[in-house]
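> fold the following for me, if possible:
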Amino acid sequence: MFSLGKQDFLRKRYQNLPDILTFEVICPDDQANAQGNQKSNRLALMEEQSYSGGGIGDTGRLIRFPVLTFNGKVISRSKDGRVLPYFIDPGLPINPRDQAKLLIRTFYPEPTESDWTVYVNPAKFTRAEYEQIVSCYEVHRQEIENILKTSQINPDWAKDSLAQTSFGFDHRAQRIAHLVYGELPQPQVFSTRSIRSGTIDDNKWISSSTEVLTIRPNGKWQIESNGEHGTLSWGGTVAMGTIKVSGDKLIFNVESLIPPMLDSAKEISNRAYIESFVNDESKKITDFYQISFK
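Below is the predicted model:
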């Protein structure tokens, strides 16, 4: 087992490490060459690395997340838009009106846990550059996908580990599912104001939790409940589900709900609990979605 000092050293070492070049391809600039100007573009797969300490017999883990760059500029970091604690890829917006505002090149229409949706920000890249990125990636797609899935690193500090000595890219970013020209969409965030959950300490009720409802652009949502009181702390997911499109309506499907203990003198239904969420502008969840319990 590594000493705590050794683990702390490695954690700080990787924390300050710049992006590392993993793979790079050179592609002709079709538009410039058509005008008689000889020009090429560089599409590169970089990576950001971090260290996570291990337990008995385990020297720790090297965590690798890919970064896509074009002519030296970062297009997308695969961790962008992923919401803790699940780190799910943001994917494409569930709302057809939002999708219609984007240019989308899809390689894998069915989502998986390994997806990486690359958003090419119009504030950083022109439409012509986006088209060059797509063209170059399509030519070298098989090579890049193979590297994302099979690349392995064997750091010296892990050679004596009883657990893991070789590390690939994080399994949550091993294929590019979409190349999108548009700004990375942000999740919607709601919180409760009239209802709080809590815990029991020495037979006394403590109401000090907060519930946060996060709706990702791809329609996945969850409610996280967290709180602290003295030396006690607690937290976890109390509800989750998926937004579905039905005609011109967005249906907020509640697939799982563990009702928290509520500091109310009367019992509050599951529906009332969900409908109590509002955003920073005091708009209710029902202003956006139709609530449905399965």
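> all helices for the stretch 51-200 of the chain, in order.
Listed in chain order, the helices of the stretch 51-200 of the chain (DSSP state H, counting those that start in this stretch) span 96-99, 127-150.
> just say which of these is most tucked in.
Comparing the helices of the stretch 51-200 of the chain by mean neighbour count (mean count of other Cβ atoms under 10 Å), helix 127-150 ranks first with a mean of 16. Glycine gets a C-beta too; all of them are placed from N, C-alpha and C.
> show me what that one is packed up against.
strand 20-28, helix 30-34, strand 40-52, strand 61-70, strand 103-106, strand 115-120, strand 175-181 (3 or more Cβ pairs under 8 Å, 6 or more residues apart in numbering; DSSP states H and E).
> change it to 10 Å
Here helix 127-150 touches strand 20-28, helix 30-34, strand 40-52, strand 61-70, strand 73-77, strand 103-106, strand 115-120, strand 175-181, going by 3 or more Cβ pairs under 10 Å, 6 or more residues apart in numbering; DSSP states H and E.
> number of residues surrounding Lys12?
11 (other Cβ atoms under 10 Å).
> for it, which three-state class applies?
Classification of Lys12 using DSSP: H, G, I helix; E, B strand; the rest coil returns helix.
> returning to what we had before: mind putting the helices of the stretch 51-200 of the chain in TSV, distance to Ile75 and mean pLDDT included?
Below are the helices of the stretch 51-200 of the chain laid out as TSV (distance: least, Cβ to Cβ, whole Å; pLDDT from 0 to 100):
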stretch	distance to Ile75	mean pLDDT
helix 96-99	20	90
helix 127-150	7	96
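> Val118 is nearest to which of the ones you listed?
Proximity of those to Val118 was assessed by Cβ to Cβ; the nearest stretch is helix 127-150, lying at 8.5 Å.
> could I get the pLDDT score of Val254?
pLDDT for Val254: 94.
> can you list the helices and strands packed on helix 127-150 in TSV and add distance to Ser209 and mean pLDDT?
What follows is those, written out as TSV (distance: least, Cβ to Cβ, whole Å; pLDDT from 0 to 100):
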stretch	distance to Ser209	mean pLDDT
strand 20-28	41	94
helix 30-34	55	64
strand 40-52	28	94
strand 61-70	30	94
strand 73-77	32	95
strand 103-106	39	97
strand 115-120	32	95
strand 175-181	36	97
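> so which of those is nearest Ile285?
Here strand 115-120 is closest among those (Cβ to Cβ), at 25.0 Å.
> the inter-axis angle of the closest one versus strand 61-70?
40 degrees (axes from the mean of the first three to the mean of the last three Cα atoms, to 10 degrees).
> sheet partners, orientation included, of strand 115-120?
Strand pairing for strand 115-120, using DSSP bridges, gives strand 175-181 (parallel).
> may I have the partner strand as CSV, with CA atoms only?
Presented in CSV, the C-alpha positions along strand 175-181 are these (Å, rounded to 0.1, in the frame of the first residue of the first chain):
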residue,chain,number,x,y,z
ARG,A,175,-16.6,6.8,-28.4
ILE,A,176,-17.7,10.0,-30.1
ALA,A,177,-21.5,9.7,-30.5
HIS,A,178,-22.1,13.1,-32.1
LEU,A,179,-20.2,16.1,-33.4
VAL,A,180,-22.4,19.2,-32.8
TYR,A,181,-22.0,22.7,-34.0
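> distance of Glu129 from Arg141?
As judged by Cβ to Cβ, to the nearest Å, Glu129 and Arg141 stand 18 Å apart.
> ok, now Phe70?
In terms of Cβ to Cβ, Phe70 sits 15 Å off from Arg141.
> repeat for Asp30
Counting by Cβ to Cβ, the gap from Asp30 to Arg141 is 17 Å.
> residues near Val250, how many?
One thing to correct before we go on: residue 250 is Leu, not Val. 17.
> that one touches Gln290, doesn't it?
Yes - Leu250 lies in contact with Gln290 (Cβ atoms under 10 Å); the separation is 7.0 Å.
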